[in-house]
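Trainee: Got a predicted structure here, sequence first:
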Amino acid sequence: MNDTEPTTGRCPVAHGADATRLYGQEAARDPHRIYARLRQEHGAVAPVLLEGDVPAWLVLGYRENRRVLDHPLQFSRDSRIWRDFADGRVEPTSPLIQMLGWRPDCVSQDGEPHRRLRGAVTDNLYAVAGRGIRRHATHFAHRQIDAFADAGRADLVADFAEYLPMLVLTRVFGLAEAEGLSLAESSNLVLKGGADALEHNERIMGILGELTARKRKEPGSDFTTGLIEHPAGLDDDEIVNHLRLVLITGYTMTSNLLARALQMILTDDAWLTGLVGGQVNLSAVVEEVMWNTPPLAVLPGRFATADQELGGCPVKEGDLLVLGLAAGNHDPEVRPDTEVSVQGNQSHLAFSAGPHECPAQNLGQAIIETAVDVLLHRLPGLRLAVPARSLTSTASTWESRLDSLPVEFTV
């Protein structure tokens, strides 16, 4: 299919008050049921309402997601062209602004400004990865395990996956380790949305602003100093906003993916046996997770630069589109049987695609692989302590997080 051609859809001309909400109790319990119903009713693109009943198009089709992600001239990341915000229908204090609002970072811009800022981020992420990210992950994985190793049981979400990535990121950023737990909590609440999102975002920005000021006076071999000293010449506002970007997205993606990888290993004996015996590489596990339960289920957001058609829907200039990464990965048009293994297929949408594809995916994967390796070696006889069917998840508009992962092991 030519990705510039519209596909046939059943999309209505306009959003109505009865459009499906991507927030609330139903969405928190079973977002995949909502995606399936929307696909059946509307096709590859569906009208939805975000928090505050803000209208948006949810892109459900794999090919339609790729079209949006690969064509920034048609679908910009610059929210300054978002019509509902420009017309005052979305308040600056809306929780959506924390995910969709314009910031002086590479995610909010396209073209040359994007290339300049993204270059500073990617250069420093590569430098950080080369300075021993696996060593930091090993250190903190042992620290986390030490706290419960003598108990013979643990919750691998609350006791391990929830905070380990943030502890690594605090070391990478040059932050005090004590900041890690509270920054993880604040990052979760920013992503969750709701009344507390703005307060926790301001808290994160305050900590990162203080860090930037300190590193200008006391530089070190850390990510923050690398941004300050990069030839791209970032100002303080740009530095703080890129620290925020990497902190929130890097933590959220990695902690969520780590929890899901552990869930998969512990609910499928073949994966666990293969890993322990060396017949299976952990990257294969992570790949399956990225197809089946990507760490961001819905990616914010893109804005139409002109009137056009997408998946049969009449998208207007300034309309907001949110990218259904989980829905796209399960699109029956490209994946008719989700029970068939996707091992070796890296064309999932979990890290986005196009010019804005996640630059930190290798860093996250290194943390996950190291954490799981340490865990399996430290905890002999590791097994799930509850029936697999009893495991639950809670979703927000943007993600679905595993609530807990109770395990037992030999002491």
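Mentor: Alright, I've got the coordinates. Residues are numbered from 1 along each chain as shown.

Trainee: gap between residue 386 and residue 323?
Mentor: In this view, residue 386 and residue 323 are 33 Å apart by C-beta to C-beta, to the nearest Å. Backbone N, C-alpha and C define where each C-beta goes, glycine included.

Trainee: So for those two, which sits in the more crowded spot?
Mentor: residue 323 (27 against 12; other C-beta atoms under 10 Å).

Trainee: That one belongs to a strand, doesn't it?
Mentor: Yes: counting by DSSP: H, G, I helix; E, B strand; the rest coil, residue 323 is found in a strand.

Trainee: Spatially, what comes nearest to it if we skip its sequence neighbours?
Mentor: Of all residues beyond its chain neighbours, the one nearest residue 323 is residue 299 (4.0 Å), with distances taken as C-beta to C-beta, 6 or more residues apart in numbering.

Trainee: So the one you found, which state does it fall into?
Mentor: Residue 299 ends up strand, using three-state DSSP.

Trainee: which residues touch it?
Mentor: 322, 323, 325, 352, 398 (C-beta atoms under 8 Å, 6 or more residues apart in numbering).

Trainee: let's see 6 Å
Mentor: Residue 299 makes contacts with 323, 325, 352, as judged by C-beta atoms under 6 Å, 6 or more residues apart in numbering.

Trainee: Repeat that for residue 333.
Mentor: Contact analysis of residue 333 by C-beta under 6 Å, 6+ apart lists nothing.

Trainee: ok, residue 356 to residue 30 distance?
Mentor: Taking C-beta to C-beta, one finds residue 356 at 29 Å from residue 30.

Trainee: which of those two has more neighbours?
Mentor: Between residue 356 and residue 30, residue 356 has the larger neighbour count (other C-beta under 10 Å), namely 20 against 14.

Trainee: Would you mind measuring from that one to residue 83?
Mentor: Distance from residue 356 to residue 83, by C-beta to C-beta: 21 Å.

Trainee: Compute the number of surrounding residues for the nearest residue to residue 297 once chain neighbours are set aside.
Mentor: Take residue 297 and drop its neighbours on the chain: the residue closest to it by C-beta to C-beta, 6+ apart is residue 326, 4.0 Å away. The local packing of residue 326 (other C-beta under 10 Å) involves 25 other residues.

Trainee: swap in the one 4 residues further on?
Mentor: Neighbours of residue 330 under the rule other C-beta under 10 Å: 19.

Trainee: go on, residue 381?
Mentor: By other C-beta under 10 Å, the residues close to residue 381 number 10.

Trainee: any idea how far residue 333 is from the nearest residue to it once chain neighbours are set aside?
Mentor: Using C-beta to C-beta, 6+ apart and skipping the chain neighbours, the partner closest in space to residue 381 is residue 410 (3.8 Å). Distance, residue 410 to residue 333, by C-beta to C-beta: 46 Å.
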